[in-house]
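Asks: next comes the sequence, and after it the predicted model I'd like to discuss.
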Amino acid sequence: MTVFSRAEVCAAAIADAFKDDGEIFASPMGMLPMLGVRLAKLTSNPDLVISDGESLFLAGVPPLFAKADVVEGWIPFRKVFDVVAHGKRHVMMGATQVDRHGNQNISAIGDFAQPTRQLLGSRGAPGNTVNNRTSYWVPKQSARVFVEKVDIVSGVGPRAAREAGPAASRYNDIHRIVSNLGVFDLHGPDDTLRLIRVHPGVTVDDVRAASGCDLAVLTDADGQVATTREPTLEELIIIREVLDPRTLRDREVPPVEASA
């Protein structure tokens, strides 16, 4: 019997979001996205180009937050914008809010003219979402995060991109949203949020209860939604012994053990 944690399921789901990208610059923002991308680099997509998150392209794949072991290039911050404009990049950002049309908010909570909470600010979200494949990571899904309409649009979803015109919509590609409960895409009716997999031990009702907006659900011929795959034994060894021996992942997604 293989025992795995919810964080390890999430890491494998994030790795799967990058597995078919080929040779592309992967830009994970946050601990679980970094773990998932490095897991993909060591398993399903060795052609991924990764960095230390600061200024170096890495040839090796070090543990989380460890110093680079083998460096193969220099990517200072100003050069990142060249890659953004070129388009050969897949970024996974966080989302304080994400709505049913795939818009993301990391700017502020409340009315734009007088918000009640200041957040990071839009930062690179608008440019990312109109130039590069973009995914989101939500470590604690709730009705305050999955909302009907974001307070402020930072990352642009497909409907808003189309309304803005061809310059915004041409390369807009919101690929996956991975949360601590399941995996989503934007292939619901009119490019809206759709649940495509629930994590082991999670039900569709659990996901709906933690959502403040309507969700489409992808089901099979029997009306069942798929379950997120379990991490393989190889992946578990890589996660536990190579990439995250300090178990930092459990700080972001507290252990909810499952077994197969």
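Replies: That came through fine. Numbers count the residues shown, from 1 in each chain.
Asks: what about Asn128, which SS state?
Replies: Here Asn128 is recorded as helix under DSSP: H, G, I helix; E, B strand; the rest coil.
Asks: ignore the last one, Arg144
Replies: Here Arg144 is coil, with the state taken from three-state DSSP.
Asks: now it: closest residue in space that isn't a chain neighbour?
Replies: Of all residues not flanking Arg144 in the chain, Gly212 sits nearest, at 6.8 Å (C-beta to C-beta, 6 or more residues apart in numbering). C-beta: built from backbone N, CA, C; applies to glycine.
Asks: how far away is that neighbour from Ala160?
Replies: Taking C-beta to C-beta, to the nearest Å as the criterion, Gly212 is separated from Ala160 by 19 Å.
Asks: who has more neighbours, those two?
Replies: Ranked by neighbour count (other C-beta atoms under 10 Å), Gly212 and Ala160 place Ala160 first, with 20 against 15.
Asks: buried stuff in the host helix or strand of the more buried one?
Replies: Ala160 belongs to helix 158-164 when assigned by DSSP states H and E. Neighbour-count burial for helix 158-164, counted by 16 or more other C-beta atoms under 10 Å, picks out Pro158, Arg159, Ala160, Ala161.
Asks: circling back: what residues are up against the residue nearest to Arg144?
Replies: Ser142, Ala143, Arg144, Val145, Phe146, Val147, Glu148 (C-beta atoms under 8 Å, 6 or more residues apart in numbering).
Asks: would you list every one of the strands in the stretch 1-150 of the chain?
Replies: Ranges of strands within the stretch 1-150 of the chain are 3-4, 25-28, 50-51, 56-58, 71-74, 89-94, 97-99, 104-105, 108-111, 114-118, 133-138, 146-147, based on DSSP state E, counting those that start in this stretch.
Asks: other SSEs contacting the fourth one?
Replies: Packed against strand 56-58 by the contact rule (3 or more C-beta pairs under 8 Å, 6 or more residues apart in numbering; DSSP states H and E) you find strand 50-51, strand 71-74.
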